[in-house]
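A.B. asks: Below is the sequence, then the predicted model.
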Amino acid sequence: MLKIYFSGEDILRTRVAPAADPVWELVLSLHLLQGRSRDPLMATWRRTVARGLRHDGNADQLRLLFALNPPRGYFPDFLTPYESVGGFEAGLDAVRSTPTPLLHRDLTVLAGENPLPSSASALARGEPDVLRMLTDSMEQYRSLAISPYWTRIQAAVEADRSRRARALLDGGVEGLLNSLRPAMRWEAGLLEVRDYPHSRELHLDGRGLLLVPSFFCARTPVALLDPALPPVLVYPVDRLGGLAPAGGDGGGAAGATPGHEALAALLGRTRAAVLEVSDDGCTTGEMARRLNISAAAASQHATVLRNAGLLVSHRDRNTVLHTLTPLGRAVLKA
């Protein structure tokens, strides 16, 4: 179990990352790709990426990147710098600027559990050419495994952010932390991460905590090993139907009839309106009030849309929050 201790100052400084973190998504997708997960939502993605790697003439350049990211256990902290909250390029710049003592420390820990290629020794010495090769391989892998699906990854993370924002508005930061159950439990200044692979304690010491919602995070949340680094906790989001490619860019739906009138003709005016009010997240009660329909009717329409893959619903005690899936957002905005 991971135990994270908060002071009053830490509670004030706790926040949710502003968007999907491209470096965390890249690194965690490497773990998922190499692991034994049988998640049916990810099966198409895994087959597509594996096939792309087999046909990539430069796949050998990814050897070090894969070796640094084993499917289980420790992976180096320096691969997921705090600066990546500012975007992919900012994250890569931070990786290339990692101090040599940190590279040596992280790679020594990793080498104690996993065999590493000879290039890891040069990386541990901080050789600029090897650092550049590593970040080039991250860009190469991203173009194959992440970029074609980025719209859907962003949509799933944004749906989770809407859910956390509502919890924050309704209950403050403690409401936000309580909304992370059942994987985590908040009580009296202590956030417990259940099923964490190691017993650890993390004292925030007034720095607060950055919560990073992640598409590729597995069932168990992830924290950095080094307690001196800015505290980050990455947690999984609802994958909203997985990553089966659709449309020209892998993230949208093709061939939808334009215009809300056409959408109303397709779904019926009430269900089209339900889809619209769910764009930023909407509870069943709010849906009923905004559309001037009964709560039972709102629930019934939401069920039909959810069964069609256009909505996803999360229950929190007596409240059900509805948000759009990537398909639902594509249909609404087509």
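C.D. replies: Nice, thanks for sending it over. Numbers count the residues shown, from 1 in each chain.

A.B. asks: Could you tell me the end-to-end distance of stretch 74-83?
C.D. replies: 21 Å (C-alpha to C-alpha, to the nearest Å).

A.B. asks: what comes up buried for that stretch?
C.D. replies: For stretch 74-83, burial by neighbour count (16 or more other C-beta atoms under 10 Å) applies to 75, 76, 77, 78, 79, 80, 81, 82, 83. Glycine gets a C-beta too; all of them are placed from N, C-alpha and C.

A.B. asks: mind listing the helices in the chain by residue range?
C.D. replies: 8-12, 22-34, 43-54, 63-67, 88-96, 100-111, 119-124, 128-145, 150-178, 260-267, 269-277, 284-291, 295-307, 326-333 (DSSP state H).

A.B. asks: quick one on the thing from earlier: among the buried residues of stretch 74-83, which two are most distant?
C.D. replies: 75 and 83 (17.7 Å; C-beta to C-beta).

A.B. asks: Settle this for me: residue 71 is touching residue 28, isn't it.
C.D. replies: No: if you go by C-beta atoms under 8 Å, residue 71 and residue 28 don't touch, sitting 10.8 Å apart.

A.B. asks: Between those two, which is the more surrounded one?
C.D. replies: Comparing residue 71 with residue 28 by other C-beta atoms under 10 Å, the one with more neighbours is residue 28, at 22 against 15.

A.B. asks: correct me, but the more buried one touches residue 218?
C.D. replies: Yes: Residue 28 is within contact range of residue 218, at 7.5 Å (criterion: C-beta under 8 Å).

A.B. asks: ok, now which ones touch residue 155?
C.D. replies: By C-beta atoms under 8 Å, 6 or more residues apart in numbering, the residues touching residue 155 are 240, 251, 324, 325, 326, 329.

A.B. asks: which stretches of the stretch 151-300 of the chain have low pLDDT?
C.D. replies: Scanning the stretch 151-300 of the chain for pLDDT under 70 picks out 241, 244-262.

A.B. asks: neighbouring contacts of stretch 286-305?
C.D. replies: 267, 270-271, 273-275, 277-278, 282, 284-285, 311, 313, 320, 322, 328.

A.B. asks: Go again with 6 Å.
C.D. replies: With C-beta atoms under 6 Å, 6 or more residues apart in numbering as the test, stretch 286-305 has contacts from 270, 271, 273, 274, 277, 284, 311, 322.

A.B. asks: How about the contacts made by the fifth one?
C.D. replies: Listed by C-beta under 6 Å, 6+ apart, the contact set of residue 277 reads 287, 290.

A.B. asks: Report the separation between it and residue 332.
C.D. replies: 10 Å (C-beta to C-beta, to the nearest Å).

A.B. asks: Please tell me how far residue 160 sits from residue 135.
C.D. replies: According to C-beta to C-beta, residue 160 and residue 135 sit 28 Å apart.

A.B. asks: Give me the spatial nearest neighbour of the residue nearest the centre of the chain, chain neighbours excluded.
C.D. replies: In the chain, the centroid-proximal residue (C-alpha atoms, centre = their mean) is residue 214; its distance is 1.2 Å. Distance criterion C-beta to C-beta, 6 or more residues apart in numbering; nearest residue to residue 214, sequence neighbours excluded, is residue 234 at 4.9 Å.

A.B. asks: That neighbour and residue 144, how far apart?
C.D. replies: Residue 234 is 22 Å from residue 144, by C-beta to C-beta.

A.B. asks: out of the two, which sits in the busier spot?
C.D. replies: residue 234 (23 against 16).

A.B. asks: So that one is in contact with residue 220, correct?
C.D. replies: No: with contact defined as C-beta atoms under 6 Å, residue 234 does not reach residue 220; the gap is 9.9 Å.

A.B. asks: so how far does stretch 269-286 reach from one end to the other?
C.D. replies: End-to-end span of stretch 269-286 (C-alpha to C-alpha): 18 Å.

A.B. asks: tell me the domain boundaries of this protein?
C.D. replies: 2-17+152-236, 22-150, 260-333 (automatic domain parsing).

A.B. asks: what distance separates the second one from the centre of its chain?
C.D. replies: In this case it means domain 22-150. 16 Å (C-alpha atoms, centre = their mean, to the nearest Å).

A.B. asks: end-to-end on that domain?
C.D. replies: End-to-end distance for domain 22-150: 9 Å, by C-alpha to C-alpha.

A.B. asks: for the record, mean pLDDT for it?
C.D. replies: Averaged across domain 22-150, pLDDT comes to 92.

A.B. asks: what about the residue nearest to residue 28 when sequence neighbours are not counted, distance to residue 1?
C.D. replies: Spatially, and ignoring its direct neighbours in sequence, residue 28 is nearest to residue 216 (3.9 Å; C-beta to C-beta, 6+ apart). Look at residue 216 and residue 1: by C-beta to C-beta, they are 23 Å apart.
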